[in-house]
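**Q** Okay, here's the prediction I keep looking at, along with the sequence it came from:
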Amino acid sequence: MNTTDPTPSAPFTSADYAARMRRAVAEATRAGLDGLLVMPGPELVWLTGYRPTAITERLTVLVLAADHEPTLVVPALERPDAEGATAAPGLMIVDWADGEDPFARAGALIRADATLGISDSAWAMHLLGLQDAVPGTSYLSLTQSLPMLRAVKDAAELARLEAAGAAADATYEQILGVRFAGRRETEVAADLARLLREFGHEQVDFTVVGSGPNGANPHHEAGERTIEVGDAVVLDFGGLMHGYGSDTSRTVCVGEPRPEIRDVHEIVRLAQQAGVDAVQPGVACQEIDRAARAVISDAGYGDRFIHRTGHGIGTTTHEPPYMIEGEEQPLVPGMCFSVEPGIYLAGRFGVRIEDIVTVTDTGARRFNNTERDLRIVE
C-alpha cells in the first residue's frame, strides 16, 4: 500500500522561474560568459517549466543574456505547448516555421563575438548551425562553465527530493518481503520498478539487482541469473518523482550470510557513515570521498573501491557536484548528493550502501533512512 504523500509541498511559481533565469544570467556573467543557450533537457525544465513533448531535430533553445529579455525560440507548431507550459514573467517566445532558417532566428539574439554556455544535451547539428549563423562565437558546455548552476536547492526542491527519498525507502521496505531465492534478477528488478511507481515515481531510471558475482560489477544491469541461497545481492534503484530524483542502495543476503559477507558489509557501513559524518558547510567535496575511502583502505580493500563516493542529484539522478578526489568545490547548504562507498570482489560478491543527503548549516541530513545493517531475505 502506498504510504507516502504523492503531492509536492508547493508548486513552482512564475516568480520561481523568473528568479532562476536571473540567477543563471548573473552566474554566467560572473563566469565570464556573454550568455547561455539552453536546449531541451533538465536545465530548460528547471529554468522555465517547459518540457517539449517530443525532442526532434527542430531547434528549441532558450537564449539568456544580460542585454535582452529571456527568449525561447521554438518551432511554430510547438508554440502553443510552450505558451501553455511557461509562466515566467518577461519570457518572450519567438517561433520559426518549417522552411525557415531556425539558426538565423536564434542567431539574431546572439552577439557575433560572444562566448556562450550551452547545454550538454545540445545536438551537434544545432551547435554547428549556430556557429555557421553567428561566426566568431565560442561555446562551453554548462557542466564545464557553470557546474554549480542547479546544485543548491531551494526549499521546494528539497521537499521534492525528500519525498522521492521517502518513496524509495518505502520501496526497499516492501522488497524485503519479496522472495529472492530461485527467481531471476530481472524479476526482482521488475518488483522494484513496480513499487517505485506505486509509491509515486513517474519515471523509473534504474533497478540494479546484482546477485552473487554480479554484485561485483557496480553498474551491472539485472540479468537472467537465478538468485541462490547464500548470495549477497546489491540493490540500487531510483528515478524521478515530481521531477526530482531518488537513488538508494542497500545490500541484502539470501539466507544466513557467511562471515566474509558480514565483515565486508560492516566495513562498507562504517565507510558510508564516515562519509556522511564528514559533510559540513565549507568542506571540499573531495573530503567526503577521502573520509569514506580511508575506512575501506584501512581495512585492506582500497583497491576494491573502484568508483567515486558520490554524485549530485536534482532534476537528474546524476549531476554536479561530485564527491571525488580533486573536486575542491566547497559544500554549501542546500546541495544534495549521494554517499555510496562500495567494495567489489570480482567473481564473488559486492557490497554498496547509498543514501542521498543534503548539506545543512550544521552537517548532513539524510533523505534515505532505512536500516543500513545487513538484512536477510528469503
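**A** Alright, I've got the coordinates.
**Q** what about residue 351, which helix or strand?
**A** In the assignment (DSSP states H and E), residue 351 maps to strand 349-352.
**Q** Residues contacting that strand, please?
**A** Contacts of strand 349-352 from elsewhere in the structure, counted by C-beta atoms under 8 Å, 6 or more residues apart in numbering, are 210, 212-213, 215-218, 231-232, 234, 236, 249, 251, 261, 264-265, 268, 340-344. (Each C-beta comes from the backbone N, C-alpha and C, glycine too.)
**Q** tell me the mean pLDDT for stretch 64-72?
**A** Mean pLDDT, computed over stretch 64-72, is 92.
**Q** Pull out the buried residues from that stretch.
**A** 64-65, 70-72 (16 or more other C-beta atoms under 10 Å).
**Q** next one: stretch 280-300
**A** Of all the residues in stretch 280-300, those buried under the rule 16+ other C-beta under 10 Å are 280, 284-293, 295-296, 299.
**Q** how does this structure divide up, domain by domain?
**A** Domain assignment for the chain by automatic domain parsing gives 14-145, 155-377.
**Q** Remind me what the biggest helix by length in the chain packs against, helices and strands.
**A** Ranked by residue count and defined by DSSP state H, the top helix of the chain is helix 155-175. Helices and strands touching helix 155-175, by 3 or more C-beta pairs under 8 Å, 6 or more residues apart in numbering; DSSP states H and E, are helix 185-198, strand 232-241, strand 244-245, strand 248-254, strand 355-359.
**Q** could you give the angle of the fourth one to helix 155-175?
**A** It stands for strand 248-254. Angle between the axes of strand 248-254 and helix 155-175 is 10 degrees (criterion: axes from the mean of the first three to the mean of the last three C-alpha atoms, to 10 degrees).
**Q** after strand 248-254 comes which helix or strand?
**A** For strand 248-254, the following helix or strand on the C-terminal side (DSSP H and E) is helix 259-277.
**Q** And that following helix, what does it pack against?
**A** Taking 3+ C-beta pairs under 8 Å, 6+ apart as contact, the helices and strands that helix 259-277 lies on are strand 248-254, helix 285-298, strand 336-339, strand 342-345, strand 349-352, strand 355-359, strand 364-366.
**Q** Need the residues that contact the shortest one.
**A** What that stands for is strand 364-366. By C-beta under 8 Å, 6+ apart, the surrounding residues in contact with strand 364-366 are 165, 276-277, 279, 355-358.
**Q** low-scoring stretches of this structure, by residue?
**A** Under the criterion pLDDT under 70, the flagged ranges of the chain are 1-9, 87.
**Q** Which residue lies nearest the spatial centre of it?
**A** residue 317 (1.8 Å; C-alpha atoms, centre = their mean).
**Q** Could you check how far the nearest residue in space to it that is not next to it in sequence is from residue 161?
**A** Distances taken as C-beta to C-beta, 6 or more residues apart in numbering put residue 245 closest to residue 317, at 4.0 Å, once the chain neighbours are dropped. According to C-beta to C-beta, to the nearest Å, residue 245 stands 7 Å off from residue 161.
**Q** got it, and residue 121?
**A** 22 Å.
**Q** Looking at the two, which has the bigger crowd around it?
**A** residue 161 (22 against 15; other C-beta atoms under 10 Å).
**Q** For the more buried one, which non-adjacent residue is spatially closest?
**A** residue 244 (5.0 Å).
**Q** Which of the helices or strands spans residue 47?
**A** Going by DSSP H and E, residue 47 is in helix 42-48.
**Q** Each with direction, which strands does the next helix or strand after that helix pair with?
**A** Heading C-terminal from helix 42-48, the first helix or strand you meet, by DSSP H and E, is strand 61-65. According to DSSP bridges, strand 61-65 forms sheet pairs with strand 35-38 (antiparallel), strand 68-75 (antiparallel).
**Q** quick one on the thing from earlier: residues touching the residue nearest to the centre of the chain, list them.
**A** Applying C-beta under 8 Å, 6+ apart to residue 317 gives the contacts 205-206, 238-240, 245-247.
**Q** Also residue 148?
**A** Neighbouring residues of residue 148 by C-beta under 8 Å, 6+ apart: 27, 320-321, 329.
**Q** want to try CSV for the residues you listed, with distance to residue 169 as columns?
**A** Below are the contacts of residue 148 laid out as CSV (distance: C-beta to C-beta, whole Å):
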residue, distance to residue 169
27, 34
320, 25
321, 23
329, 28
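**Q** Return the member of these nearest to residue 257.
**A** Nearest to residue 257 among those is residue 321, at 34.5 Å by C-beta to C-beta.
**Q** which residues sit against the helix or strand hosting that closest one?
**A** Assigned by DSSP H and E, residue 321 belongs to strand 319-323. The contact list for strand 319-323, computed with C-beta under 8 Å, 6+ apart, reads 42, 143, 147-148, 150-151, 275, 285-286, 288-289, 308-313, 327, 329, 331, 335, 337-339.
**Q** Mind giving me the PyMOL select for those, buried ones only?
**A** Of the contacts of strand 319-323, the buried ones can be selected in PyMOL as follows, counting by 16+ other C-beta under 10 Å:
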select buried, resi 42+147+150+151+275+285+286+288+289+308+309+310+311+312+313+327+329+331+335+337+338+339
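**Q** can you put the helices and strands packed on helix 259-277 in TSV and add distance to residue 103?
**A** Formatted as TSV, the helices and strands packed on helix 259-277 follow (distance: least, C-beta to C-beta, whole Å):
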stretch	distance to residue 103
strand 248-254	43
helix 285-298	38
strand 336-339	36
strand 342-345	46
strand 349-352	45
strand 355-359	40
strand 364-366	46
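**Q** Tell me which of these lies nearest to residue 183.
**A** Nearest to residue 183 among those is strand 248-254; the distance by C-beta to C-beta comes to 10.0 Å.
**Q** Give the other helices and strands that that closest one contacts.
**A** helix 155-175, strand 232-241, helix 259-277, strand 349-352, strand 375-377.
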